[in-house]
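[1] One predicted model, sequence on top.
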Amino acid sequence: MKIPLAIPDLTGNESAYLQECIASSFVSSVGPFVHRFEAEIAELSGSNRAVVVSSGTVALQIALETLGISAGDLVMVPSLTFIASANAVRHSGANVWLVDSGREYWSLDLALCRRLIEDETEQHAKGRRHVASGRILRAIMPVMIMGASVDLEGFAALGREFGLRIVVDAAAAIGAEASGGTNLAKTGVDAVCYSFNGNKTITCGGGGAIAAAEDELMVNAAHLISTGRVGENYEHDIVAYNHRMTNIQAAVGVAQLERLPQFLRRKQEVGAYYDDLAARHSDLSPFPAPPFGSNTRWFSGVWYTGGDLSLCNAFRAHMKSAGVDLRQFWKPVHLQAPYSDALASRMPVAEDLWPRIFPLPCSSGLSAEDLATVVAAADDFWGRNAGRDASRSGAVTAGGRTEAECG
């Protein structure tokens, strides 16, 4: 593919820091870059400490387990998310309660979560008992979808009201802030979890991190990922994991963080081009811009609001023929085979939205020439297919509502 969706920019100090690891022989899970990377993630998050781990999925799993969430428990998770969010819950031993997203901002619907809690659960010593299944709702997992802000203060307040933990999937949101410039870990949530996969704004080639305001949670998380070892000898006090990040990975992460402001600026610039693209075509809208804080715009693009859904796959095929990587967006979790029997709300928003969303190339190193190629190819397609709606009954507005719903 000529222009990929998202690839890393490794033109900073990555090579020098890797050579430093090799020269020092600190290549495994002990080394100065691990501590440095953790300290920098903590500062960005507004926590005293962060713990770096082997993946973003592991970060979510360990955060849940450290909070005591396990078999017999439920965690509310949006269905419109990458499947790793739900997988982390299952790896912890708990089960997911899949919930629809809000139409305006695409993130987990806070009001719907409240209604489900009030209508389908009852008070329990550990949280809320789901009456129909008998499982105990222990936590809610808002996802900062594509790096966009979420009403974290609202979720934190909901958690306090009903005795629930809030674990934030901020996989794509490194560098984000909540309302008023508040650091994510200072919003009242229990934990914030990041991913450093190869397509993220910063990468370690893999890996993740957990940040939390509560120091004890961080101490326990570090112990849980480090085989439960006590002291210098081979004494272990719990059944634990070896989910640590290596010094080599952390070295790449430190080099990446040095240029995070530059990466985030470029993400905003690319996103603005796609916003302008959407403005030129009546059947397109830009990705949402939630008002709950900053938006890292990890992924940017456009989405289709018209009524002829056959255009969606036609657009993907057109872009691929032009050398542009355009993939289908995340299939909602409740439609995935491993979760076909999961507890779930009705999903009118997730089921309508996911075929319409087009993440376009947004690498932080995307050249002006490649960006122009992407935009020109998209302009060509939508210019030739303007208003091609066999039936407007399925069309939706930029806010996500169908025309019938808008009255």
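    That came in fine, so what should we check first?

[2] any idea how far residue 184 is from residue 213?
    Distance, residue 213 to residue 184, by Cβ to Cβ, to the nearest Å: 10 Å. (Glycine included, C-beta is placed from N, CA and C.)

[3] whoops, residue 237 was the one
    Taking Cβ to Cβ, one finds residue 237 at 31 Å from residue 184.

[4] neighbour count winner among these two?
    Neighbours per residue (other Cβ atoms under 10 Å) separate residue 237 from residue 184, with residue 184 holding more: 28 against 10.

[5] Work out for me the element the nearest residue to the more buried one once chain neighbours are set aside sits within.
    Leaving out its chain neighbours, the residue that sits closest to residue 184 by Cβ to Cβ, 6 or more residues apart in numbering is residue 192, at 4.6 Å. Following DSSP states H and E, one finds residue 192 within strand 191-195.

[6] Quick check: which helices or strands does that strand pack against?
    The criterion is 3 or more Cβ pairs under 8 Å, 6 or more residues apart in numbering; DSSP states H and E, and the helices and strands that strand 191-195 contacts are helix 56-66, strand 165-169, strand 208-212.

[7] Of the ones you listed, which is nearest residue 226?
    helix 56-66 (10.8 Å; Cβ to Cβ).

[8] hmm, back to that, just the helices and strands packed on strand 191-195: most buried one?
    Among the helices and strands packed on strand 191-195, strand 208-212 has the highest mean neighbour count (mean count of other Cβ atoms under 10 Å), at a mean of 30.

[9] can you list contacts of that strand?
    37-38, 41-42, 44-47, 49-60, 62-63, 171, 184-185, 190-196, 218, 221, 245 (Cβ atoms under 8 Å, 6 or more residues apart in numbering).

[10] Could you list the low-pLDDT ranges of the chain?
    The chain contains residues with pLDDT under 70 at 1, 388-407.

[11] which residues of the stretch 51-200 of the chain fall in strands?
    73-78, 95-99, 121-124, 127-130, 136-140, 165-169, 191-195 (DSSP state E, counting those that start in this stretch).

[12] Make CSV out of these and add distance to residue 289.
    Output for those, formatted as CSV (distance: least, Cβ to Cβ, whole Å):
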stretch, distance to residue 289
strand 73-78, 18
strand 95-99, 22
strand 121-124, 33
strand 127-130, 33
strand 136-140, 23
strand 165-169, 19
strand 191-195, 21
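
[13] From residue 132, how far off is residue 351?
    In this view, residue 351 and residue 132 are 22 Å apart by Cβ to Cβ.

[14] So for the two, which residue has more residues nearby?
    residue 351 (15 against 9).
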